[in-house]
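>>> Predicted model and sequence follow; I will ask about them next.
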Amino acid sequence: MGQSQVRNYVHLVFSTRNRAPLIRKELRKKLFGYIYSIIEKSNCKPLCINGVADHVHILFGLGQTMALCDLVMLVKTSSSRWVKSQSADLACFAWQHGYGAYSVSPTNLCKVRRYIDNQEQHHRNSTAEQELAWFDSLDMPI
């Protein structure tokens, strides 16, 4: 085979430090656009980004030359710096140290995208902790 072909889809979730509700509604669209551009420039394929005040969900295709941990570090470091630059009251903004990363089969991409797109509605009924516990309970990739 003369070329490489990679189809690794990932649902990434990470929170603000101490789950502080710092991602204000008016900041989200710009923040998610900024994260989208970081992923795209890393030769990965961003598919969907959304979140609520204390955490972010990202669905993307991992590129063939990028390690997941390197992309997560790049996204979190760059976006944290960007958030801090947006307002003096966000000068102490930080992401939590860990993250959740779940493989997604191509047949479930639409389902996961819908889930990510509906974050505000979903979180009227459950907390981030409940959501992460649900992901951890799954026996197979999403």
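Done, it's in. Numbering: from 1, shown residues only.
>>> What is the helix or strand where residue 10 lies packed up against?
If you go by DSSP states H and E, residue 10 is part of strand 8-15. Strand 8-15 is packed against strand 55-62, helix 68-86, strand 100-104, helix 109-117, helix 128-137, with contacts defined by 3 or more C-beta pairs under 8 Å, 6 or more residues apart in numbering; DSSP states H and E. All C-beta atoms are positioned from the backbone trio N, CA, C, and that covers glycine.
>>> Tell me the buried residues in that strand?
Buried residues in strand 8-15, counting neighbours by 16 or more other C-beta atoms under 10 Å, are found at 9, 10, 11, 12, 13, 14, 15.
>>> Which SSE is immediately downstream of it?
Following strand 8-15 in sequence, per DSSP H and E, is helix 25-41.
>>> tell me the average confidence for that next one?
Mean pLDDT, helix 25-41: 98.
>>> and what of stretch 44-54?
On average, the pLDDT along stretch 44-54 is 96.
>>> before we move on, the earlier item: now do the strand holding residue 10 against helix 109-117: the angle between them, please.
Here strand 8-15 runs at an angle of 10 degrees relative to helix 109-117 (axes from the mean of the first three to the mean of the last three C-alpha atoms, to 10 degrees).
>>> Quick check: which element contains residue 46?
Residue 46 belongs to strand 45-52, assigned by DSSP H and E.
>>> Relative to residue 61, which of the buried residues of strand 8-15 is nearest.
Closest approach to residue 61 among the buried residues of strand 8-15 (C-beta to C-beta): residue 9, at 5.5 Å.
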